[in-house]
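In: predicted model follows, preceded by the sequence.
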Amino acid sequence: MRASLVILLAIGVAVAKESRAGEKYCTCYSELNGGGYNYTFYDYVPDLSPYNFTSDVDSLRVRGMWLCYDNVNYKYELGPVFWIHGIDFGSNLPFGFANVCSSLRYVGQPNCLNCDSYTVYEETFFNWAEFCGHADTTTMGALNDQGSSIIVTGASAWTFYEGRSYTGYSACVYPDTDHDVGPNGETLDLGIYPDVTSIGFYDNAINSVRRGCYSKNVFKAEPLKAEVKAKNGAWGYIKK
């Protein structure tokens, strides 16, 4: 378990990318359509400037789901949060967001494309600190009473609780809002919840979680609006 404080004109395109089996990656390009300087990331990047990207990302190619922020340390102030998910899926950043990406991070487990996982974020729209795991936990550690948004991946449902040790109000969610299929038949399944109040919680009220559906309160998230959606991926952005 980990707790951390821590693209091709307007169409989705399947592209060839050699990577280790199951591993997530995000390749950033300094120009549109995969041109210019590029760098491939396999881990969280709280600040892109040391990699010669000073708010200078125009297009991306990804495996897995990645979130891109207009400020360092996974937060945004003025611009939207740009999201992209897929299996060897590429896109230009949308107008108004190109050249303003300052930090990025993936969703779920790093070396498994579609393993069961949950990530709880400190703020709505997947901002600031996070608590990520793939097993039951009776406490959210440093993020107790702070969770405001959730993303789940894989095949399993997850039940979130208001109290520690699986007590109080509960809500069951599934990774069934987005389903990507790659060129070789690989799949990526996501359940994306930008605001926990949509599943009956007060803000900042999640304290434990376990795998499976153990609540009478079962929710299905509305899919995020995708600016482009293809069989192997999609992208879009959300803002307050």
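Out: Perfect, thanks for sending it.
In: tell me what residue 84 is bridged to.
Out: residue 66, residue 235 (DSSP bridges).
In: how about residue 118?
Out: Beta-bridge partners, per DSSP bridges, of residue 118: residue 133, residue 152.
In: show the pLDDT at residue 18.
Out: The model reports residue 18 with a pLDDT of 40.
In: equivalent analysis for residue 32, please.
Out: With respect to pLDDT, residue 32 has a value of 87.
In: pretty sure it is touching residue 91, no?
Out: No. Shown here, residue 32 and residue 91 do not form a contact pair, counting by Cβ atoms under 8 Å, at 10.0 Å. For every residue, glycine as well, the C-beta is placed using N, CA and C.
In: which neighbours do those two share?
Out: Residues touching both residue 32 and residue 91 (Cβ atoms under 8 Å, 6 or more residues apart in numbering): residue 59.
In: these two: which has the busier surroundings?
Out: Neighbour count, other Cβ atoms under 10 Å: between residue 32 and residue 91, residue 91 has more, with 28 against 15.
In: so that one: helix, strand or coil?
Out: strand (DSSP: H, G, I helix; E, B strand; the rest coil).
In: hmm, residue 66 and it touching each other?
Out: No. Between residue 91 and residue 66 there is no contact under Cβ under 8 Å: 11.0 Å.
In: intersection of neighbour lists for those two?
Out: 60, 84.
In: which strand residues bridge the nearest residue to residue 42 once chain neighbours are set aside?
Out: If you skip the residues right next to it in sequence, residue 42 has residue 25 as its closest partner in space, 5.5 Å away by Cβ to Cβ, 6 or more residues apart in numbering. Taking DSSP bridges as the rule, residue 25 bridges to residue 63.
In: next one, pLDDT for residue 25 please.
Out: 95.
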